[in-house]
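Engineer: 3D, please:
(chains A and B)
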There are 2 protein chains.
Amino acid sequence: GRIVRLDTVTPSEKALEIAKTTGKNAKLVELVLRESKRFLKTSKQTLIVEDLRDIVNINAGIDKSNIKGADRYALLPIDPDASARHLRSRIMKLTGKRVSIIICDTYSRAFRRGQVNFAIGLAGINPFVDYRGAEDLFGYVMQVKFSAIADELAAAAELVMGQGNEGVPVVIIKGLNRISFGEDSSFTDLVIGEKEDLFRNVR
Amino acid sequence: GRIVRLDTVTPSEKALEIAKTTGKNAKLVELVLRESKRFLKTSKQTLIVEDLRDIVNINAGIDKSNIKGADRYALLPIDPDASARHLRSRIMKLTGKRVSIIICDTYSRAFRRGQVNFAIGLAGINPFVDYRGAEDLFGYVMQVKFSAIADELAAAAELVMGQGNEGVPVVIIKGLNRISFGEDSSFTDLVIGEKEDLFRNVR
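Structural biologist: Numbers count the residues shown, from 1 in each chain, chains lettered A, B, ... in the order given. Sure, this is the predicted structure:
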């Protein structure tokens, strides 16, 4: 993984400046800057960024928990889809079974308290179930329903894997025939741009 | 349930005005007004509101799909926790088993494409797993991790129940000992206020 020792990081001018105004550790701010395309919100409580992978999250997903070593932080994969594809092909080779891979990470959310697991890397799975144009139980043609099933699978996995010292890094989900294999999957389909995002300007 | 025939609704002045500027059906706008405390965003694409239950959602959660009758819409329960408690006590009486109830609904989200199931009513369950103050695998004391397990259970349920014509209104989840029963549960714990919500002012 991408583990970084904080004492090896030299903060830039910009990191020092942000650290000063926010009261945050300048080395950590420097790491967040390196992992981000732009900062969306900079406050004493939080740095919310659009990270290198276009995911909107806190601190570019840089995490301290469950990393061995007091001064060590984990960065998200540079290309989570590539990581997922690599895992997938290895598992398929070793087991002879067709599998899909979802790499997940825990996120805070707008409007809701607490964190849930989200999909941040995909291989071999269609991340959505698209109901648009299909009929419901009474023949009404649905216009909006478009389930982000990869995020729901990630959330379901967290029920078993936990976030603390459970020591369950992998969850196997079987027997769900509503979910379809797909060879061109990418987590980027789950990321919604500013223009399309209905919730982006809600205060 | 709270099923409303749209042709019985008389739009108010305010509904007519919003309908005019947004191009939406005035009767539907009137229903959304009645079900909301305040409108957070009013545009051609969407009405985002803080509804009577303090949930931030689109159209106050008023839904057309899987409602019998072309002109009929379903409103969310007035008090989803009370509905959940009622279901819980009936099921415990009939089966002799201790159960928890999560009432869920599908929502669009900020920053992510597609919808997922959220918990909107609770009975007999602690909606969170709180890791704050606990040690991770390597002895680091976690400061933020606070899993919204009720939302993850709702998301997991959607994997089976679907949103279309699957006809699976109820999902039974068993054997998860990370989740704890709790007698004072309320979905309102899952709702985060404007001041505390780190993502509220992100554009």
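
Engineer: ok, now which ones touch the nearest residue to residue A:108 once chain neighbours are set aside?
Structural biologist: Take residue A:108 and drop its neighbours on the chain: the residue closest to it by Cβ to Cβ, 6 or more residues apart in numbering or on different chains is residue A:115, 5.3 Å away. No exception for glycine: its C-beta is placed from N, CA and C like everyone else's. Contact analysis of residue A:115 by Cβ atoms under 8 Å, 6 or more residues apart in numbering or on different chains lists A:106, A:107, A:108, A:109, A:163, B:144, B:145, B:146, B:147, B:148.

Engineer: how many neighbours does the second one have?
Structural biologist: By that I understand residue A:107. Around residue A:107 there are 20 other residues, counting by other Cβ atoms under 10 Å in any protein chain shown.

Engineer: re the thing from before, which helix or strand contains the residue nearest to residue A:108?
Structural biologist: Residue A:115 is part of strand A:112-123, with elements assigned from DSSP states H and E.

Engineer: can you list contacts of the helix ranked longest in chain A?
Structural biologist: Longest helix of chain A, by residue count under DSSP state H: helix A:80-95. With contact meaning Cβ under 8 Å, 6+ apart, helix A:80-95 is reached by A:53, A:77, A:97-103, A:120-124, A:185-188.

Engineer: report pLDDT for the spatially most central residue of chain A.
Structural biologist: Centroid-nearest residue in chain A: residue A:120, 3.4 Å away (criterion: Cα atoms, centre = their mean). Here the pLDDT value assigned to residue A:120 is 97.

Engineer: confirm for me that it is in contact with residue A:106.
Structural biologist: No - judged on Cβ atoms under 8 Å, residue A:120 makes no contact with residue A:106 at a distance of 10.0 Å.

Engineer: tell me who's in contact with residue A:203.
Structural biologist: Applying Cβ under 8 Å, 6+ apart, we find residue A:203 in contact with B:40, B:194, B:200, B:201.

Engineer: between the residues you listed, which sits nearest chain A?
Structural biologist: Nearest to chain A among those: residue B:40, at 4.8 Å, using Cβ to the nearest Cβ.

Engineer: sorry, back to before: in CSV, could you pull the C-alpha coordinates for the longest helix of chain A?
Structural biologist: Taking Å, rounded to 0.1, in the frame of the first residue of the first chain, the C-alpha atoms of helix A:80-95 are listed here in CSV:
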residue,chain,number,x,y,z
PRO,A,80,-8.2,2.1,-7.5
ASP,A,81,-9.8,0.5,-10.6
ALA,A,82,-6.4,-0.8,-11.6
SER,A,83,-5.9,-2.2,-8.1
ALA,A,84,-9.3,-3.9,-8.3
ARG,A,85,-8.6,-5.3,-11.7
HIS,A,86,-5.3,-6.7,-10.5
LEU,A,87,-7.0,-8.4,-7.5
ARG,A,88,-9.7,-9.7,-9.8
SER,A,89,-7.4,-11.3,-12.3
ARG,A,90,-5.3,-12.9,-9.5
ILE,A,91,-8.4,-14.3,-7.7
MET,A,92,-9.9,-15.6,-11.0
LYS,A,93,-6.6,-17.3,-11.9
LEU,A,94,-6.2,-18.9,-8.4
THR,A,95,-9.8,-20.0,-8.0
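
Engineer: how far does it sit from the chain's center?
Structural biologist: 18 Å (Cα atoms, centre = their mean, to the nearest Å).

Engineer: okay, now the domains of chain A?
Structural biologist: What automatic domain parsing lists as the domains of chain A is A:1-76, A:79-203.

Engineer: measure the longest one end to end?
Structural biologist: Start to finish, the residues bounding domain A:79-203 are 32 Å apart (Cα to Cα, to the nearest Å).

Engineer: select the helix or strand of chain A having the lowest average pLDDT value.
Structural biologist: Counting by mean pLDDT, DSSP states H and E, chain A has its least confident helix or strand at strand A:129-130, which shows a mean of 90.

Engineer: could you identify the helix or strand that succeeds that strand?
Structural biologist: Scanning forward in sequence from strand A:129-130 by DSSP H and E, the next helix or strand is strand A:146-147.

Engineer: need the helices for chain A, in chain order.
Structural biologist: A:13-22, A:26-34, A:80-95, A:149-161.

Engineer: quick one: those as a markdown table, columns for mean neighbour count and mean pLDDT too.
Structural biologist: What follows is the helices of chain A, written out as a markdown table (neighbours: other Cβ atoms under 10 Å in any protein chain shown; pLDDT from 0 to 100):
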| stretch | mean neighbour count | mean pLDDT |
| --- | --- | --- |
| helix A:13-22 | 14 | 96 |
| helix A:26-34 | 20 | 97 |
| helix A:80-95 | 16 | 97 |
| helix A:149-161 | 24 | 96 |
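
Engineer: can I get those helices in a markdown table with distance to residue A:173?
Structural biologist: Converted to a markdown table, the helices of chain A look like this (distance: least, Cβ to Cβ, whole Å):
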| stretch | distance to residue A:173 |
| --- | --- |
| helix A:13-22 | 39 |
| helix A:26-34 | 32 |
| helix A:80-95 | 13 |
| helix A:149-161 | 6 |
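
Engineer: which ones are touching residue A:59?
Structural biologist: With Cβ under 8 Å, 6+ apart, residue A:59 has these contacts: A:28, A:32, A:46, A:47, A:49.

Engineer: disregarding residues adjacent in the polypeptide, which is nearest to the last one?
Structural biologist: Distances taken as Cβ to Cβ, 6+ apart put residue A:36 closest to residue A:49, at 3.9 Å, once the chain neighbours are dropped.

Engineer: can you list the low-confidence ranges for chain A?
Structural biologist: Within chain A, not a single segment meets pLDDT under 70.
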